[in-house]
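Asks: Sharing a model prediction with you, sequence too.
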Amino acid sequence: MLFTLPDMIGLEFTIGMTLTLSVLIGIYVILITEAIHRTTLAMFGALLIIIVLIQTEIIPAHDTVDFVIGAIDFNTIGLLLGMMIIVGILGETGIFQYIGIKAAKLAKGNVWKLMLLFSVITAVGSAFLDNVTMILLMVPVTISVARILNINPISIILAEIFASNVGGAATLIGDPPNIMIGSAAGIPFIEFAYHMLPEVVITFVASLLLLRVMFRKDLKQKPENVEKLQQIDETKEIKDMMLLKKSAIVLLGVIIAFMIHGFLEIEVSIIALAGAAILLLITRMKPAKAFTHVEWPTLLFFAGLFVIVSGVELTGVLEIFANQIIQTTGGNLITTSILIIWSSAFASAFVDNIPYTATMIPIIENISQDPSIVRSLSSFSYNPLWYALAIGADFGGNGTLIGASANLVAVAVMERHGYRMFFRTFLVKGIPYMIATTLIATGVFYVKMILNV
């Protein structure tokens, strides 16, 4: 039995396709409204998908456990879990407070220099840890420094959010969408960084000039208590030097292992979890304390989301959309890649880039199997479509308040400290920044494709 969509779309969907797609779209709409917590929403959506798949006889009831296990990308879940534990333990040492105060002293009360230094720290840290973790660590430090100087921290925090999403795009572990893309495409850490660094570095450097223009009014603030800041001894923020040394050694080992994981043939999730296990062992920290740093709602959100998207994929509807993209671009690889960048950027701005990426991964897989695309890909040593998706999803996350997990985490931390970020405030700054940075990245990406590098 077929369900025919309106003539303007002209596609024929089965009942299973229609119902699962309706669940997915419904989840997106409610995500935007924030009427229900996204973790609750993802878990309920997964339940609905399973019911639909059983009732439409796409999967038998006794196979639901196998379906759920197969749907969840445990490589992504494991990587996030391991890194949350490692960085959480590292944060216990006070190192990030030390870095924040040191940076503020170097800025000597100059708001622009403070924004510049905090943005660079956040971008670099996001590349090697992950942007959600860096935001969790940097926002409280920023608020603390801003209170000493008696300035409004919102503009600086906005700059940090933007920097986290751009900097996080550089590596496989920097932003959750990258983790998902790398896991699905089997891209090694070094290869991913090699192909993404030109876009990220050039775009980030150019974006610093953009920040100067966008926040020119906020940068005119006159800080107070600069002398008080200079008198603070940042070394006293280091609470446990031995824990810091142990954590730093393990983190460095994990990062090195990430870089050579393709050679080792070990998944990044195993490396991260191994690092967490070793750190727990050598520090003898109680697991209950270490696990308080784990964002369990985020991990459950991922799990539910994977089930929803896998259910939609199982019906074959994503293959139809892949064919529509091919028809629109005529199978031209460069045109297809640029279309993916921009459609991903705007979609990610209004829908959290995590569910968007989860939806797009099977579509990219289908596009990559199209004969015309396969012929074009034969002249490349890599698949540009995956990197187009990463650029669009990561940079697009800066468009709105709900565009990326780092944005939502920053807002939650700000609210706990008595500051509120409104959707409109973020939108006014975020959309121009997103469009400008995506445009720069697209230009770099286009040149690389033309030169085949």
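Replies: Cool, the structure landed.
Asks: low-confidence ranges in this structure?
Replies: Low-confidence segments of the chain, defined by pLDDT under 70: 1-12.
Asks: measure the nearest residue to His37 once chain neighbours are set aside to Met84 for me?
Replies: Setting aside the residues directly before and after it, His37 is nearest to Pro297 in space (C-beta to C-beta, 6 or more residues apart in numbering), at 7.4 Å. Just so you know, the C-beta spots here come from the backbone N, C-alpha and C atoms, and that holds for glycine as well. The gap separating Pro297 from Met84 is 12 Å, by C-beta to C-beta, to the nearest Å.
Asks: Those two: which is more packed in?
Replies: Met84 (25 against 13; other C-beta atoms under 10 Å).
Asks: How about the contacts made by that one?
Replies: Taking C-beta atoms under 8 Å, 6 or more residues apart in numbering, we find Met84 in contact with 133, 293-295.
Asks: Just among those residues, which is most surrounded?
Replies: Going by other C-beta under 10 Å, Thr133 tops these with 27 neighbours.
Asks: what packs against the helix or strand harbouring it?
Replies: Element membership of Thr133, judged by DSSP states H and E, is helix 131-149. Packed against helix 131-149, as judged by 3 or more C-beta pairs under 8 Å, 6 or more residues apart in numbering; DSSP states H and E, are the following elements: helix 74-91, helix 95-107, helix 111-128, helix 154-167, helix 226-231, helix 405-416.
Asks: what's the offset of the first one from the middle of its chain?
Replies: The chain centroid and the centroid of helix 74-91 are separated by 14 Å under C-alpha atoms, centre = their mean, to the nearest Å.
Asks: Next, the contact list for Leu158, please.
Replies: Leu158 touches 215, 421, 426, 429-430, counting by C-beta under 8 Å, 6+ apart.
Asks: And His261, by the same measure?
Replies: 188-189, 267-268, 271.
Asks: ok, which stretches of the stretch 201-350 of the chain are helices?
Replies: For the stretch 201-350 of the chain, the helices defined by DSSP state H, counting those that start in this stretch occupy 226-231, 241-259, 261-264, 268-283, 287-290, 296-315, 317-329, 333-350.
Asks: Thr292: what's it in contact with?
Replies: Per C-beta under 8 Å, 6+ apart, neighbours of Thr292: Gly88.
Asks: in stretch 184-202, what counts as buried?
Replies: 184-185, 187-193, 195-196, 198-200 (16 or more other C-beta atoms under 10 Å).
Asks: Next, count neighbours for Ser22.
Replies: Using other C-beta under 10 Å: Ser22 sits among 14 other residues.
Asks: quick one: secondary structure of it?
Replies: Using DSSP: H, G, I helix; E, B strand; the rest coil, the structure places Ser22 in helix.
Asks: Next one: it from Val317, what distance?
Replies: 11 Å.
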